[in-house]
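Student: Build the 3D model from these lines:
(one chain, ligands or ions: 2)
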Amino acid sequence: MENFTFYAPTYFSFGKGSEKDIGALVKRFGGKKVLVHYGGGSVKRNGIFDKVIASLNESNIPYVELGGVRPNPRSGLVYKGIDICRKENIDFILAVGGGSVIDSAKAIAAGTVYDGDFWDYYSTGKKVDRALPVGTVLTIAAAGSEGSPDSVITHEDGMYKRGASGEALRPKFSILNPEFTETLPAYQTACGISDIMAHVCERYFSNTKNVEITDRLCEGVLKAMIEESPKVIKNPHDYEARANIMWAGMVAHNNIVGVGREQDWSSHAIEHELSALYDVAHGAGLAVIVPAWMKYVMKKNLGKFVQFAVRVWGCDMNFENPEITAMEGINRYSAFLTSLGMPSNFKELGAKEEDIPTLVKHLGATDENPIGGYVKLGPKDIEAIYRLAL
Ligand code: NZQ
Ligand code: ZN
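Tutor: Residues are numbered from 1 along each chain as shown. Ligands and ions are numbered 1, 2, ... in the order given. Predicted coordinates for the structure are as follows:
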């Protein structure tokens, strides 16, 4: 196991009625005037917004609203949010929605107290060390942004999707009421499941030896997802299954299952170019890319894939030809995502073969500067993975 530090100080309030804590938590973390940030309107239609405002009113906390965050959130609204925060002397941002709303809130939080262009953080990888405090009210189990120090934004100028990171972006608190996810369409629910499982896989596929505890945690989260996911697709009001998946989304991405080991993250980089170019849901893109990545790197580094197949997917070990076992695990993973309604190739996703050179170029990896921890990938490898996904 490698040396690591782990400091993840988000306060979680989980379960039915947890939104009643919002006002008190904003005060606890120093908020006196709040920007309530939300997406395309689902929270207004399903009553979540009113519940949030009721809690703010009860604590006499003034607020300004900014809605309109689109999935794959854009820079334009971030600039608008920064302006509002400065003009209105906002000192706390409350994100009510999914990963897109939370990431947009984090970008506004960083940009408001930064003298330069907020995009500097996304274009250079410079760590975000100062930001307004952010709280979240999660409405979809997926990105894990409710417990992560990350934010992903698409710049409208060229449609580049880039991430920024820094401990200052970790939410001060997150409200996780699984009931809030019951209004999600099945497709969005499945996109979330695909993302959660991908977050575990990005950490699981590691060359670091003797990481039994995190290996077993990863396998446990994946096995629980395999058990719980079909239940919520069948019955969107299955509270217990929603609750398990909601907590899995947090656990999969606050790095508790990834400490002390080298991680991969190629599939995310490769997928981000798809959602930037075609505006497809991140989880749907991952359902296409992760199995393709697995098939490509499996042959270069077989060991962990055999373990994945046997321990997570219950495949029989073929001692004579371990490649068959590894392949069976990948096929079961892909078939599982398809059974939930996810796409499995470029065509079903709405991506085009002729755009592959553009996708590779946008990603920007070179032979000298490859991506990936488990297997290093240069432009040729990345192109091959897009082609395997056709
Ligand atoms: O915009 P509204 O009207 O709210 O509708 C949203 C949106 O259309 C809808 N939705 C959310 N909760 C709902 C609901 N509809 C009905 N009932 C509810 N309770 O769902 C749609 C998708 O929302 P979005 O926030 O885009 O989903 P998700 O949480 O999957 O976030 C995806 C974004 O997160 C980024 C992705 O790249 C993508 O941009 N990621 C962020 C990460 C992070 N910050 O740590 C890590 C991830 O790997 C990921 O890259
Ligand atoms: Zn993701």
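Student: Contacts only, for the spatially closest residue to residue 177 that is not a sequence neighbour.
Tutor: Nearest non-adjacent residue to residue 177, counting by CB to CB, 6 or more residues apart in numbering: residue 18, 4.9 Å away. For every residue, glycine as well, the C-beta is placed using N, CA and C. By CB atoms under 8 Å, 6 or more residues apart in numbering, residue 18 lies in contact with 175, 176, 177.
Student: One more: residue 51?
Tutor: residue 19.
Student: do you know how far it is from ligand 1?
Tutor: 12 Å (CB to the nearest ligand atom, to the nearest Å).
Student: one step back: can you pick the most crowded of the contacts of residue 18?
Tutor: residue 175 (29 neighbours; other CB atoms under 10 Å).
Student: For the helix or strand encompassing that one, which helices and strands make contact with it?
Tutor: In this assignment (DSSP states H and E), residue 175 forms part of strand 173-176. Applying 3 or more CB pairs under 8 Å, 6 or more residues apart in numbering; DSSP states H and E, we find strand 173-176 packed against strand 11-14, helix 22-28, strand 134-138, helix 239-251.
Student: Which positions in the helix or strand following it come out as buried?
Tutor: Where DSSP H and E defines the elements, the next helix or strand beyond strand 173-176 is helix 186-204. Buried residues in helix 186-204, counting neighbours by 16 or more other CB atoms under 10 Å, are found at 188-204.
Student: do stretch 310-323 as well
Tutor: Buried-residue list, stretch 310-323, by 16+ other CB under 10 Å: 310, 311, 312, 313, 315, 318, 322.
Student: so who does the residue of the stretch 251-390 of the chain found nearest ligand 1 touch?
Tutor: Scanning the stretch 251-390 of the chain for the residue nearest ligand 1 gives residue 282, at 3.8 Å (criterion: CB to the nearest ligand atom). Residue 282 makes contact with 72, 99, 142, 143, 191, 195, 271, 272, 275, according to CB under 8 Å, 6+ apart.
Student: For these, could you give me JSON lines that also reports secondary structure, distance to residue 379 and pLDDT?
Tutor: Putting the contacts of residue 282 into JSON lines (DSSP: H, G, I helix; E, B strand; the rest coil; distance: CB to CB, whole Å; pLDDT from 0 to 100) gives the following:
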{"residue": "72", "secondary structure": "coil", "distance to residue 379": "24", "pLDDT": "92"}
{"residue": "99", "secondary structure": "helix", "distance to residue 379": "28", "pLDDT": "98"}
{"residue": "142", "secondary structure": "coil", "distance to residue 379": "29", "pLDDT": "98"}
{"residue": "143", "secondary structure": "coil", "distance to residue 379": "27", "pLDDT": "98"}
{"residue": "191", "secondary structure": "helix", "distance to residue 379": "28", "pLDDT": "98"}
{"residue": "195", "secondary structure": "helix", "distance to residue 379": "25", "pLDDT": "98"}
{"residue": "271", "secondary structure": "helix", "distance to residue 379": "16", "pLDDT": "97"}
{"residue": "272", "secondary structure": "helix", "distance to residue 379": "16", "pLDDT": "94"}
{"residue": "275", "secondary structure": "helix", "distance to residue 379": "20", "pLDDT": "94"}
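Student: which bits of the stretch 101-250 of the chain sit near ligand 1?
Tutor: 101, 103, 139-140, 142-145, 148, 150-152, 180-181, 183-184, 188, 191-192, 195 (CB under 6 Å from any ligand atom).
Student: what's near enough to touch residue 291?
Tutor: Residue 291 neighbours (CB under 8 Å, 6+ apart): 330, 333, 334, 337, 344, 389.
Student: Specify the residue positioned farthest from the middle of this structure.
Tutor: Among residues of the chain, the one most distant from the C-alpha centroid is residue 320; the distance is 38.0 Å, by CA atoms, centre = their mean.
Student: Could I get the pLDDT score of it?
Tutor: Residue 320 carries a pLDDT value of 96.
Student: what's the helix or strand where residue 64 lies packed up against?
Tutor: Residue 64 belongs to strand 63-66 when assigned by DSSP H and E. For strand 63-66, the packing partners by 3+ CB pairs under 8 Å, 6+ apart come out as strand 34-38, helix 75-87.
Student: Between helix 75-87 and the shortest one, find me the angle.
Tutor: Think strand 34-38. 160 degrees (axes from the mean of the first three to the mean of the last three CA atoms, to 10 degrees).
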